[in-house]
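1. pasting a predicted model and its sequence here:
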Amino acid sequence: MLFSCMNNSYSLITWILILAPLTVFLIITVWVISILDISPQWKPTIPIVVGFATLFLLIGVFIRTKFGKFAL
């Protein structure tokens, strides 16, 4: 099964609700980086955007794993 590594106590809908916002966040981050890469004066800010995106992604994963039981 595709989701065999996931815990069986959660349904497929729960996993979609958990992973979809994080996936959309990553897609938006890549989109912003591609826009910043077009303009030469904004190229130095790309590592900062990646840093913030990584930080917020880790915070999001932490909050989902720590408090996800209360939200779902």
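-> Yes, it's here.

2. please count neighbours and contacts with C-alpha atoms only from this point.
-> Will do.

3. what number of residues are in the vicinity of Leu58?
-> 13 (other CA atoms under 10 Å).

4. scratch that, Trp42 is what I was asking about
-> Neighbours around Trp42, by other CA under 10 Å: 12.

5. secondary structure element holding Ile33?
-> Assessed by DSSP states H and E, Ile33 sits inside helix 12-38.

6. give me the mean pLDDT for that helix.
-> Computed over helix 12-38, the mean pLDDT rounds to 87.

7. now stretch 61-72
-> Computed over stretch 61-72, the average pLDDT equals 69.

8. please renumber the chain so that the first residue is 27 from this point on.
-> Fine by me, first position is 27 from now on; the one you just mentioned is stretch 87-98.

9. from Thr40, how far off is Ala48?
-> Actually, residue 48 is Leu. It isn't Ala. From Leu48 over to Thr40 the distance is 13 Å, taken as CA to CA, to the nearest Å.

10. among the two, which residue is more densely surrounded?
-> Ranked by neighbour count (other CA under 10 Å), Leu48 and Thr40 place Leu48 first, with 16 against 12.

11. gap between the more buried one and Leu84?
-> Leu48 is 10 Å from Leu84, by CA to CA.

12. one step back: what helices or strands is the next helix or strand after the helix holding Ile59 leaning on?
-> Proceeding C-terminally, helix 38-64 gives way to helix 72-97 as the next helix or strand, assigned by DSSP H and E. With contacts taken as 3 or more CA pairs under 8 Å, 6 or more residues apart in numbering; DSSP states H and E, helix 72-97 sits against helix 38-64.
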